[in-house]
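[1] using only what follows, build the 3D model:
(2 chains, ligands or ions: 2)
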Amino acid sequence: MPNMIVCVKQIADPEAPAGSFRVDESANQVVPAAGVSQVVSPFDEQAVEAALRIKDAHGGKITAISLGKSFVMDVIKKPLSMGSDELILLQDPAFEGADSRSTAYALAMAIKKVGEYDVIFCGRQAADWDAGQVGSGIAEFLGIPSVTVAKKVEFLDGKVKVERVTSDGYEVIEVSTPALITISNELGEPRYPKLKGIMAAAKKEVPTWTAQDIGADASQLGTAGARIKLLKVFQPVKEGKCEIIEGESPEEAAANLALKLREAKLI
Amino acid sequence: MADNKGVMICGEITEGKLAPITTELLGGGRKLADTLGEELSAVLIGSGIGDLATEAIAFGADKVFVVDDPLLADYRTDSYVAVIEKVVKEVSPNIALMGQTAMGRDLAPRLAFRLDTATSMDCLELSIDPDSKLLLQTRSVYGGNAMGTYVCEGTKPQIAAVRAKAMDPIEKDDSRKGEVVTIDAGLDPSMIRTTVVDKVKEEVEGIKLEDAEVIVCGGRGMGSTEAFQELEALAKLLGAAVGATRPPCDNGWVPAGMQVGLTGKIVSPTLYIAVALSGASQHMAGCSGSKNIIAINKDAEANIFNEARFGVVGDYKKVLPAFTEKVKELLAG
Ligand SMILES: Cc1cc2nc3c(=O)[nH]c(=O)nc-3n(C[C@H](O)[C@H](O)[C@H](O)COP(=O)(O)OP(=O)(O)OC[C@H]3O[C@@H](n4cnc5c(N)ncnc54)[C@H](O)[C@@H]3O)c2cc1C
Ligand SMILES: Nc1ncnc2c1ncn2[C@@H]1O[C@H](COP(=O)(O)O)[C@@H](O)[C@H]1O
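    Residues are numbered from 1 along each chain as shown, chains lettered A, B, ... in the order given. Ligands and ions are numbered 1, 2, ... in the order given. Presented below is the predicted three-dimensional model:
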């Protein structure tokens, strides 16, 4: 029975209306918008789903791991309420200021501490900074193979069969275990937690590990372990001058639109 | 580290030709190399590369490293990372660029971690800082809601993955001269831990979205597979490709390959007709390069009207048939 690990990140809801998004350019920070809730990054929920489908078929154990600064317990426990067995939180000031590399290092060290693993799942990218790197980084730190942007994962004995999305379809890849797989939305909807799962998750004790707990080398963590620096974050200005085409009726407006496009030599 | 010199691009080959991303990277890389007064090289990896090296030179490369080996016929993480790692160690480039493609997305981070340096993914703009001479890497973050500019100060090479269509190829010039260097892949097959057992094409019929000059795109508001057939009819008239936002793909109304956006296709047509889609930042990330966006949406407040040049506020069920009819009439006469 496979031992599985899923890395999940807590982020601000990426589907909040574009208008609510603000950056503070002087502080180089994204300003948390009032009323925007925290969620598990959507691809990470799908990564949990991918692991659960394997568990449904083969049994096994799923351990979710999350590194963060201010966890909202109801939110970050979602992998448990969906059906994962364990959740481990990584929290320590030493992790702060991390780039993809230092995040991957910390997660890889935590995974080593968990010990046994056949398949590690990540999302294809965290839906805040959209880096799309941490999965490959964990695999590199652990020295195991990775397959990225998967839409289907099957567990076979000693190997995993993965459908990897490409620009014109997909490729079917077999990879030896242990392996790291990153999951894309083509996998399909993650399941809703059942009431029983939510209640069990609420009661579940969740350990928090620090840098020391995972035996991490401080020079590899947070800002010290980062190889890249964010110089500035900004919002591109949009002109936003749409000409609304009117008409007596929707049909007339539609015809006027066609005429307008003709006039502008667009059709 | 100070002796790292030159800009290197990792080319991609599809069906025996240089992929569009390759000439785009050569165009973008050429500018950076000229700014730095350094050389532009290209690495071409595959099996049976033939004279594509000459073509890369015509598109701007000063030097082309060719790694041709039957083991490199398919992209596989382990073999490609090992080969590029080898080339990078021999050449010591200052900057290495790849595409934000199925290959580059996979390759760039793994290579960066292996070399103990960093990469920025999905870059839209690259420039050289006049003082530090370092590569300023500007990329889309937060689903396209913002941009971030990054710099890799202490390690080399500086690696960036570049979004499709973010850079322009230079005019092909067959008289350009350059050097072709063959490098031995030196692969041990046992280190390749994945096998490609099948490749499945799910290509939608007709014009490819990436190449289309006109695109008709439907969103969640379309509501069904049948509704997309109406879009097909309009697309046929206009010689357009049909795209979709993510919900129609996730719901199975249309194939996943039709998704336009941050995690779908990047398109830049002259005309983009957006029907019953709200204009979420992650969708716009894939189509904001369109020259003219037209919106049909029943909600006057929808974000797509901030992006569009012309729009009609109304139910597509009423607007679309009348629009298609009028277009037909105009094109006929
Ligand atoms: C990390 C990440 C990556 C993503 N990548 C992508 C991506 O690559 N591509 C993508 O598209 N999305 C992507 N998304 C999803 C994206 O955030 C939006 O959820 C999605 O684009 C919304 O699609 P939509 O506009 O069709 O639907 P909605 O936002 O639901 O909008 C539907 C619109 O249709 C209008 N409408 C409804 N009925 C009618 C009618 N009868 N007539 C006229 N108008 C009508 C409504 O007014 C509304 O504006 C991603 C999300 C995340 C978090
Ligand atoms: N702080 C984190 N905690 C747990 N997992 C993470 C964290 N950051 C990234 N990941 C995992 O790595 C994937 C890719 O993240 P990124 O490279 O940041 O886009 C995410 O989808 C998660 O699965």
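[2] close to ligand 2: what parts of chain A are there?
    Selection of chain A residues close to ligand 2 by Cβ under 6 Å from any ligand atom yields A:7-9, A:41, A:43-44, A:47, A:65-68, A:100, A:103, A:107, A:122-123, A:125-126, A:129, A:131-135. C-beta here means a position set from N, CA and C on the backbone, and glycine is covered the same way.
[3] what sits opposite the nearest residue to residue A:25 once chain neighbours are set aside in the beta ladder?
    Nearest residue to residue A:25, sequence neighbours excluded (Cβ to Cβ, 6 or more residues apart in numbering or on different chains): residue A:234, at 5.4 Å. Beta bridges link residue A:234 to residue B:147 when assigned by DSSP bridges.
[4] one step back: put the buried members of the residues of chain A next to ligand 2 into a PyMOL selection.
    Buried residues among the residues of chain A next to ligand 2 (16 or more other Cβ atoms under 10 Å in any protein chain shown), as a PyMOL selection:
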select buried, chain A and resi 7+8+9+41+43+44+47+65+66+67+68+100+103+107+122+123+125+126+129+131+132+133+134+135
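[5] just the closest residue of the stretch 51-200 of chain B to ligand 1, please.
    Residue nearest to ligand 1 within the stretch 51-200 of chain B (Cβ to the nearest ligand atom): residue B:143, separated by 5.5 Å.
[6] neighbours around residue A:228, how many?
    By other Cβ atoms under 10 Å in any protein chain shown, 24 other residues sit near residue A:228.
[7] what's the answer for residue B:316, then?
    If you count neighbours by other Cβ under 10 Å, residue B:316 ends up with 25.
[8] around chain B, which positions in the stretch 1-150 of chain A sit nearby?
    By Cβ under 8 Å from any Cβ of the partner chain, the part of the stretch 1-150 of chain A that sits against chain B consists of A:14-15, A:17-19, A:21, A:23, A:30, A:99-101, A:104, A:124-125, A:127-133, A:136-137, A:139-141, A:145-149.
[9] please name the residues that touch residue A:79.
    By Cβ atoms under 8 Å, 6 or more residues apart in numbering or on different chains, the contact set of residue A:79 is A:6, A:8, A:40, A:45, A:48, A:62, A:64, A:87.
[10] closest one to ligand 2 out of those residues, please.
    Proximity of the contacts of residue A:79 to ligand 2 (Cβ to the nearest ligand atom) peaks at residue A:8, which lies at 5.5 Å.
[11] assess the claim that the closest one and residue A:67 are in contact.
    No: using Cβ atoms under 8 Å as the test, residue A:8 is too far from residue A:67 to be in contact (9.5 Å).
[12] distance of whichever residue of the stretch 1-150 of chain B sits closest to ligand 2 relative to residue A:136?
    Using Cβ to the nearest ligand atom, residue B:109 is the residue of the stretch 1-150 of chain B that sits closest to ligand 2, at 7.5 Å. For residue B:109, the distance to residue A:136 (Cβ to Cβ, to the nearest Å) stands at 4 Å.
[13] ranges for the helices of chain B?
    Using DSSP state H, the helices of chain B run over residues B:20-36, B:52-58, B:77-91, B:102-114, B:225-238, B:246-250, B:281-287, B:304-307, B:316-332.
[14] with mean pLDDT added, can I get these in a markdown table?
    As requested, these are arranged in a markdown table below (pLDDT from 0 to 100):
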| stretch | mean pLDDT |
| --- | --- |
| helix B:20-36 | 98 |
| helix B:52-58 | 98 |
| helix B:77-91 | 98 |
| helix B:102-114 | 98 |
| helix B:225-238 | 96 |
| helix B:246-250 | 97 |
| helix B:281-287 | 96 |
| helix B:304-307 | 95 |
| helix B:316-332 | 97 |
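[15] if anything else comes up later, I'll come back, but that's it for now.
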